[in-house]
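Colleague: A structural model of the following input is requested.
(3 chains)
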Amino acid sequence: MVCFEADIDLDATFGCGQCFRWLRLAHGGWSGVAHGRELTVRRDGPLLLLEGAGEDERGLWQEYFDLGRDYGAVRALLAGDTVFAKAAAFAPGMRLLRQESWEALCSFILSQNNNIPRIRGIIERLCENFGERLAGGGYAFPTAHRLACISEKELAPLRCGFRAGYIADAARKVDSGEVDLSLAARMPLDEARALLQKIHGVGPKVAECTLLFGCGRVECFPVDVWIRRAMACYFPQGLPGRFEPVGGIAQQLLFHYVRCCPDAAHEEALAPFRRTGKARSAGLQKPTAAKAGSAPA
DNA sequence: AGCCAGGACAAGT
DNA sequence: ACTTGTCATGGC
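Modeller: The predicted structure is shown next:
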């Protein structure tokens, strides 16, 4: 058991869409696998409790949960803007997780033209089929080497569709050293982007997600359909320059906010795209052209 | 039932 | 440089 004093909201942190392998437990805790270790996490007052972690792993988890960063300062900066102030207030304890780079790369390759529940399922099958079995019944995320050693056809049980070839190419290039992810964490950003995009199936958005969530590059700002909509609605001129150094945090707060928080300021523009809620059917209602004679089931 | 999903690619203008 | 169709699968 490892214990930190930390201001972190687990529901927001694990549930905001940045990670795919954490599961919420009935009592409010979360369980998952990271760095090849099974972990159950829960809050107790001001404390963050990591069950299943050894004291010798303290530094590892401190980094994973980004506990060294002064989120108070980040939030103070963002509070100067009306929109980000609301987004930050919606998820007061959300933190970026510093995930493993290879896992982040695979996860966001699989995320393209896909929805979050199905992404989770594909990653679960990926780990069950090719990850190391752990003592508690879970599975580690498979290594690039393991995936480089199998044929693309063997990825069929994942049912990840056209993305199988992308995973295969990523595994090959990472395993061979052609794409060095530890290097991508240190290189100049534009070089790191170009390096990742050498992988077939990695474009600007997946590269940006890999750098942000997997390489600790907090200035990265992935633009997906939701962020595109949100930016068009709130920041048609682009992200204000003073937020760029923490663009990744701003991005994740905004992503979570516009997807999950109904707000009059963006409701009309964004509600039609939300999966949950009746706003969708109301917003996309077709002009009910009931043709005479046709018998609707 | 049918639309669309935390995009990228290839082939068109 | 920008636009468009296509990709495989399944949540909702």
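Colleague: residues contacting A:Leu181?
Modeller: A:Leu181 sits next to A:Ser101, A:Trp102, A:Leu105, A:Val174, A:Thr210, A:Gly214, A:Cys215 when contact means Cβ atoms under 8 Å, 6 or more residues apart in numbering. For the C-beta atoms, the positions are set from N, CA and C on the backbone; glycine is no exception.
Colleague: just curious, which of the residues you listed is nearest to DNA strand B?
Modeller: Proximity of the contacts of A:Leu181 to DNA strand B, judged by Cβ to the nearest atom of the strand, is greatest for A:Thr210, which lies at 9.3 Å.
Colleague: Tell me the pLDDT of the residue in chain A positioned nearest to DNA strand C.
Modeller: Closest contact between chain A and DNA strand C, by Cβ to the nearest atom of the strand, is at A:Gly161 (2.3 Å). With respect to pLDDT, A:Gly161 scores 98.
Colleague: what residues are up against the nearest residue to A:Gly15 once chain neighbours are set aside?
Modeller: Computed as Cβ to Cβ, 6 or more residues apart in numbering, the closest residue to A:Gly15 that is not its neighbour in sequence is A:Arg24, at 7.3 Å. Counting by Cβ under 8 Å, 6+ apart, A:Arg24 touches A:Asp11, A:Phe14, A:Gly15, A:Trp30.
Colleague: looking at the residues you listed, which has the most residues close by?
Modeller: Using other Cβ atoms under 10 Å as the neighbour test, those are led by A:Phe14, with 23 neighbours.
Colleague: where does the stretch 151-297 of chain A have low pLDDT?
Modeller: For the stretch 151-297 of chain A, the stretches with pLDDT under 70 are A:276-297.
Colleague: what number of residues lie near A:Arg95?
Modeller: For A:Arg95, the neighbour count with other Cβ under 10 Å is 24.
Colleague: and it, helix, strand or coil?
Modeller: coil (DSSP: H, G, I helix; E, B strand; the rest coil).
Colleague: May I ask you to confirm that it is in contact with A:Phe14?
Modeller: No - with contact defined as Cβ atoms under 8 Å, A:Arg95 and A:Phe14 do not form a contacting pair (10.0 Å).
Colleague: quick revisit: who does the residue nearest to A:Gly15 bridge with?
Modeller: Beta-bridge pairing for A:Arg24 (DSSP bridges): A:Trp30.
Colleague: wait, A:Gly216 sits on A:Ser182?
Modeller: No - in this structure A:Gly216 lies outside contact range of A:Ser182 using Cβ under 8 Å: 11.1 Å.
Colleague: Comparing those two, which residue is more hemmed in?
Modeller: Using other Cβ under 10 Å as the criterion, A:Gly216 and A:Ser182 rank with A:Gly216 on top: 18 against 8.
Colleague: what's the nearest residue to that one if we skip its chain neighbours?
Modeller: Among residues not flanking A:Gly216 along the chain, A:Arg98 sits closest, at 5.2 Å (Cβ to Cβ, 6+ apart).
Colleague: And whichever residue of the stretch 151-297 of chain A sits closest to DNA strand B, its phi and psi?
Modeller: Closest residue of the stretch 151-297 of chain A to DNA strand B, Cβ to the nearest atom of the strand: A:Gly203 (2.5 Å). Backbone torsions of A:Gly203, given as degrees, to the nearest 10, read phi -110, psi -160.
Colleague: Quick one: residues contacting it.
Modeller: For A:Gly203, the contacting residues are A:Gln112, A:Gln197, by Cβ under 8 Å, 6+ apart.
Colleague: what pLDDT does the residue nearest to A:Cys260 when sequence neighbours are not counted get?
Modeller: Ranked by Cβ to Cβ, 6+ apart and with sequence neighbours excluded, the top spatial neighbour of A:Cys260 is A:Phe90, at 7.6 Å. On pLDDT, A:Phe90 comes in at 97.
Colleague: Can you get me a residue count around A:Phe90?
Modeller: When counting by other Cβ under 10 Å, one arrives at 17 neighbours for A:Phe90.
Colleague: Same check on A:Pro117?
Modeller: 9.
Colleague: Same question for A:Leu126.
Modeller: Using other Cβ under 10 Å, the number of residues around A:Leu126 comes to 23.
Colleague: can you count the residues close to the residue nearest to A:Gly216?
Modeller: A total of 22 residues lie near A:Arg98 under the criterion other Cβ under 10 Å.
Colleague: now do A:Gly241
Modeller: Neighbour count for A:Gly241, taken as other Cβ under 10 Å: 8.
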